[in-house]
Structures are given as structure tokens and as C-alpha cells.
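Q: this one's sequence-less:
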């Protein structure tokens, strides 16, 4: 079983729609969580961190459920420019000063006009 | 401008010919890492470094070497490349891996083909 699992998609939704992605992680020692965005043939870039209480950044809302070990990302009023692959990222503390960063394989989102 | 640079961006080589992919960051970050990205498998960590002279294996270290002699540079070395190392490689750096406030900064990627 992969340590971080995402639905690969693709999600193909019309402009203006609301779309949600989930990500599950298997290691309960996971300490911090992020969503990254990757455009085709480009490097990943941080979209937002995910806090236990949930957090919002404009049209994007991220939530964490530690009990069920999943993270979600909600995009409201989707724009054409939101088309990208969204990567779920989990950081696991290995020992006192080291951590292991694990990327999900990504969920591809395509917004159509 | 804060950035991570990688060279070369594209490389086609043959089996067994040693190569080095350079990575440099100008943000004084302590943490640097290398990933490879393959279709359906996502980003997999090859090696990482918590600081100068401190390196550790990631999930897929076989066939790769790294060194961290200076804070800014973290080269990836393939002593004897094989076709299964054909992939897209990313270098990344960050200041506080594991913290909620941390951001991984990625280089632009190196597309390697081993014939």
C-alpha cells in the first residue's frame, strides 16, 4: 500500500464548478501536510499548507482529519487556470532532526470552458 | 531572486557513462533533496540532506550518489546510468522541513534519457 494515496483522476469539470480532492496517508507519525500544484512539464509549487483546524485561501479550502488520516482540498468557482495536477504531500518525522517528505502521485484536474 | 537551479535541463546519454546533475540554491536552506518523477508513480525521493556533510537515503537511492560539501550545492551523480533511470528529476530545498510554514522550492527539472 502506498504511504500517500490520491485518486489520479482526471477530473474534468466546467468552469465555475466546485471540485474536491481527497488524499489518504498511512503513517500515523505524519506531522505536517501540504497541497502542491504542478503544471504540465513544470516543477511543483506550494499551493497551501493544511492545518488541523482547516484553512482557507481565497477559493481554496484545505482540511485535515487525523483520526481518519485523510486530507482534502476544495476548489470553489473553478477557473481555467486551475487546470493542473494537485499533489498531496505528507511529512513524517523520522527522528529528532530528520523528516521524510512523501508526495502522492497527484490528481489531474482539467477545467473546461 | 530566490531560486533553485539545475543543470543540465535535458540530457540524453548512453548506458554506463557517468553523469552528474548539478543543483544549487541561493536561499541558504539547510535541507535539500532529489526526486524523480515517473508517470503513475509521482515524485519519489532519491536522497536528501539535512545539512552540509549530512545525507540520507530516500525511497529509491539505488544507482545514485549525492554529496553535500557546501550548503548551496547538492549534485546528483549517476556512476553507471541504466535505461531504468530515464526520468524527470527535480531538486528541491527548504529551510524547515516538517514545519507547517515550510515551503519546498523546486528546481525546473532535468529530463534524462538513458539509451
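A: Everything's here; your move. Fair warning: this is a prediction, and the values are worked out from it, not measured in the lab. Numbers count the residues shown, from 1 in each chain, chains lettered A, B, ... in the order given.

Q: Ignoring the adjacent residues along the chain, who's closest to the residue nearest to the spatial centre of chain B?
A: For chain B, the residue whose C-alpha lies nearest the mean C-alpha position (CA atoms, centre = their mean) is residue B:34; its distance is 2.6 Å. In space, and not counting its chain neighbours, residue B:34 is closest to residue B:46: 4.3 Å by CB to CB, 6 or more residues apart in numbering or on different chains. Where C-beta positions appear, they are placed from N, C-alpha and C, glycine not excepted.

Q: now residue A:59
A: Of all residues not flanking residue A:59 in the chain, residue A:76 sits nearest, at 4.7 Å (CB to CB, 6+ apart).

Q: Kindly report the same for residue A:43.
A: residue B:106 (3.7 Å).

Q: Test my guess that that neighbour contacts residue B:91.
A: Yes: look at residue B:106 against residue B:91 with CB atoms under 8 Å: they come within range, at 7.2 Å.

Q: Return every residue with contacts to both of these two.
A: residue B:4 (CB atoms under 8 Å, 6 or more residues apart in numbering or on different chains).

Q: So these two - more neighbours on which side?
A: More crowded of residue B:106 and residue B:91, by other CB atoms under 10 Å in any protein chain shown: residue B:91, with 28 against 24.

Q: residues contacting the more buried one?
A: Shown in contact with residue B:91 (CB under 8 Å, 6+ apart): B:4, B:6, B:21, B:23, B:25, B:32-35, B:74, B:76, B:106-107.

Q: Tell me if the worst-scoring helix or strand of chain A on mean pLDDT is near chain B.
A: Lowest mean confidence among the helices and strands of chain A (mean pLDDT, DSSP states H and E): strand A:98-103, at a mean of 80. Yes: Strand A:98-103 comes into contact with chain B (CB under 8 Å from any CB of the partner chain), by way of A:98, A:99, A:100, A:101, A:102, A:103.
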